[in-house]
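1. How does the following fold in three dimensions:
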Amino acid sequence: QAQLVESGGGLVQAGGSLNLSCAVAGHTFSVYPMGWYRQAPGKEREFVAGIDRSGGRTQYSDSVKGRFTISRDNAKNTLYLQMESLKPEDTALYYCNRGPYYSIPWVPGDYGQGTQVTVSS
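-> Numbering: from 1, shown residues only. As a prediction, the model looks like this:
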């Protein structure tokens, strides 16, 4: 069974940056498209970004487009989310997601345990 372990979350001031990572084990990482979701307190989990198997195609939610960048290193079995110009409304628990296939809109698969991102105003 795949293991998805997120890291890199923390507390940052508005306007700051964070880089999240998701280390994947238990499956052939390069076979699957990968994505990021987030869930803020009292809200539903929402899609943030997705990337295809090779990294050639990406997609973003409108709320993060132009500020966040998703990438992957298939040699390191690791997914990344570079977050810039962070806003208080970006505060959430961020989850790594292994998609069954690349599609628009994203179809979610397995999730990791999440890493907390808190943006102070």
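
2. tell me which element the most centrally placed residue in the chain falls in.
-> Nearest residue to the geometric centre of the chain (CA atoms, centre = their mean): residue 36, 2.5 Å. In this structure, residue 36 sits in strand 34-39 according to DSSP states H and E.

3. distance between the helix or strand just after that strand and the chain's centre?
-> Using DSSP H and E, the helix or strand that follows strand 34-39 in sequence is strand 46-51. Centre-to-centre, strand 46-51 and its host chain are 6 Å apart (CA atoms, centre = their mean, to the nearest Å).

4. Equivalent analysis for stretch 57-73, please.
-> For stretch 57-73, the distance to the chain centre is 9 Å (CA atoms, centre = their mean).

5. average model confidence for it?
-> For stretch 57-73, the mean pLDDT works out to 97.

6. circling back to that earlier point, elements contacting the strand holding residue 36?
-> Applying 3 or more CB pairs under 8 Å, 6 or more residues apart in numbering; DSSP states H and E, one finds that strand 34-39 makes contact with strand 18-25, strand 46-51, strand 68-73, strand 78-83, strand 92-98. Placement of C-beta: from N, CA and C, glycine included.
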